[in-house]
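quick one: sequence plus predicted model below, questions after.
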Amino acid sequence: TRNQTPTVSNAGSNQTQCETATATLAGNAPTVGTGTWTLVSGTGTITTPSSNTSGVTALGYGANVFRWT
């Protein structure tokens with residue numbers, strides 16, 4: 001079986017929030033395959049992990065790092 005190579009993931013630009021505990025992530029939309037967001041460090045709740053433009057709530061102060069794969 002030979003499958004197409006999945007789309008290379010791109011999580012988008014870094015974002016800075018001031019006193020806002022929510023954000024919208026900005027990953028690229030895969031044309032081949034699917035993607036998922038994961039929390040790498042910090043705090044935050046990913047509302048729809050499989051959506052490239054998922055919301056994030058309950059962000060903590062300081063750096064909160066998310067990965068789009």
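Cool, the structure landed.

give me the nearest residue to T48, chain neighbours excluded.
Once its chain neighbours are removed from consideration, T48 has its nearest residue in S54; the separation is 4.3 Å (CB to CB, 6 or more residues apart in numbering). Bear in mind the C-beta positions are built from the backbone N, C-alpha and C, glycine included.

check the one you found and give its pLDDT.
Confidence per residue is given as pLDDT, and for S54 that number is 98.

pull the number of nearby residues for W37.
Residue crowding around W37 was assessed by other CB atoms under 10 Å; the count is 23.

revised request: answer the last question for V8.
Residue crowding around V8 was assessed by other CB under 10 Å; the count is 9.

check which helix or strand covers Q4.
Q4 is part of no helix or strand, with elements assigned from DSSP states H and E.

tell me the pLDDT at it?
Among the per-residue scores, Q4 holds a pLDDT of 91.

distance of it relative to V32?
Taking CB to CB, to the nearest Å as the measure, Q4 falls 5 Å from V32.
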